[in-house]
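Engineer: Quick one, structure for this:
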Amino acid sequence: MADLTTNCGGIISPNPFWLASAPPANSGAQVQRAFEAGWGGAVWKTLGQPIQNVSSRFGGHTIGGARGAGFNNIELITDRPLEVNFREIYETKKRFPKHAVIVSLMVETEDEWRDIILRSIDAGADGLELNFGCPHGMCERGMGSAVGQEPRINERITAWAVKYSTVPVLVKLTPNVGDINPHGLAAKHGGAHGVSLINTIKSIIGVDIDRFVPEPRVGTQSSNGGYCGAAVKPIALHMTAQLARNPGFRLPISGIGGVCNWRDAVEFILLGATSVQVCTEVMLKGYRIVEDMIDGLSNYMDSHGFATIDQMVGKAVPAYSEWGDLDLNYETVAKIDATKCIGCQVCVVACHDGAHQCLHPQEGTRVPRVDESECVGCNLCKIVCPVPDCISMVTVDNGWAPATWNQHMVGAGKLRPKKGAH
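Structural biologist: Prediction:
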């Protein structure tokens, strides 16, 4: 049986599943219930000078009937006294010594950083997470993403934290940047032991079209908030992989953003994450979702011959390349399994209106015909088909040697003729 023990930047936990710094990790009672359910670690809701939150503060985006597939919040850091938080951290760590308790922090001055770091460690923190990602409320005060968007400030404050900390320091990065690499490297240059990403994405979740006020509504107004949940996973995977493949980075990553099940966790790990953090899915379904995550990950590792998490980390990174290095002579076409096709012809409409007009109705049957001479293997028909495995993309042996755009530009590779070219 696979060993799920995780070491993320020197923070050891019995499995890679951590609660993210958010409402599910707001108190000792909650974190302790989460550990009882099976979570390997928890990042405590961000500590700093306690603030006053607004009401209401959450917004949900329904996608294809899935409520909360996209989620938004305008909640800030802890609104509970620091003394209470530190006492509960101590009690939690004493009761669960083998679980990882990471304390998220956000303050302003070097003196404040030194004080809150020492108090967190005295309370029993196994690690610290510097919140450089909050995209609302705190950034207007010069903290959160205001720090995460400035590599020089990121590096300086990280260096403060590392100087005063005797436990590992992770830096939580903001996705509200054009390129994540300079910000990950700034954390490394500051001495961080790893990074967490991504924090939430600056957003407006929707508008009340009767009151003419954005959501979530606070009286007669609202504000931009942080977007999270299942819908942000592609962005989080991209930024995780960007740092993981950067040869100058080489730090552990705690992956965050749209982790809803064990498969999502596997994807993050294969693209370079050592641990994964979950927030929105817990808010929607509760702590017990971790049971399926643990079982699913364990079964996956056994079936693929992975004995440890470390053997999985980054396995998919070498296959992530720039567009110019992709094989332009590789070719696929759509194949329809007539025994599974229900004749809805959704694929025909999609292909004719949104793709390359290579699917056509046939007389005497509802099963569409694929014109392989025009099919470019774009995948749209497979994506819209409501029947699993009815449409597959099959590799074509076209006789052309592999060639990339970069090779073609220096005369080292010939490209096959484009379909539909005359």
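Engineer: For the residue located most distally from the centre of the chain, give me the pLDDT.
Structural biologist: What lies farthest from the middle of the chain is residue 364; by CA atoms, centre = their mean that is 47.3 Å. Looking at residue 364, its pLDDT is 93.
Engineer: ok, now the one 3 residues further on?
Structural biologist: The score at residue 367 is 97. That number is its pLDDT.
Engineer: Surely it forms part of a helix?
Structural biologist: No: according to DSSP: H, G, I helix; E, B strand; the rest coil, residue 367 belongs to no helix; its state is strand.
Engineer: Identify the residues contacting it.
Structural biologist: When contacts are counted by CB atoms under 8 Å, 6 or more residues apart in numbering, residue 367 touches 336, 338, 341, 343. Where you see a C-beta, it was placed from the backbone N, CA and C, and this is true even at glycine.
Engineer: Distance of the second one relative to residue 188?
Structural biologist: What it means is residue 338. Distance, residue 338 to residue 188, by CB to CB, to the nearest Å: 55 Å.
Engineer: Looking at these two, which is more packed in?
Structural biologist: A count of neighbours by other CB atoms under 10 Å puts residue 188 above the other of residue 338 and residue 188, at 21 against 12.
Engineer: least trustworthy helix or strand in this structure by mean pLDDT?
Structural biologist: In the chain, no helix or strand scores lower on mean pLDDT, DSSP states H and E than helix 145-148, which sits at a mean of 62.
Engineer: Wait, residue 278 touches residue 19, no?
Structural biologist: Yes: using CB atoms under 8 Å, residue 278 makes contact with residue 19 at a distance of 6.5 Å.
Engineer: Which helix or strand lies directly C-terminal to the longest helix along the chain?
Structural biologist: Looking across the chain with DSSP state H, the single longest helix is helix 289-304. The first helix or strand that comes after helix 289-304 along the chain, using DSSP states H and E, is strand 332-336.
Engineer: tell me which residues of that next one are tucked away?
Structural biologist: Neighbour-count burial for strand 332-336, counted by 16 or more other CB atoms under 10 Å, picks out 333, 334, 336.
Engineer: averaged over its residues, what pLDDT does the helix or strand following that strand have?
Structural biologist: Once the chain leaves strand 332-336, the next helix or strand it forms, by DSSP H and E, is helix 346-354. The pLDDT scores in helix 346-354 average 97.
Engineer: Check the secondary structure at residue 34 for me.
Structural biologist: Quick answer, by three-state DSSP: residue 34 is helix.
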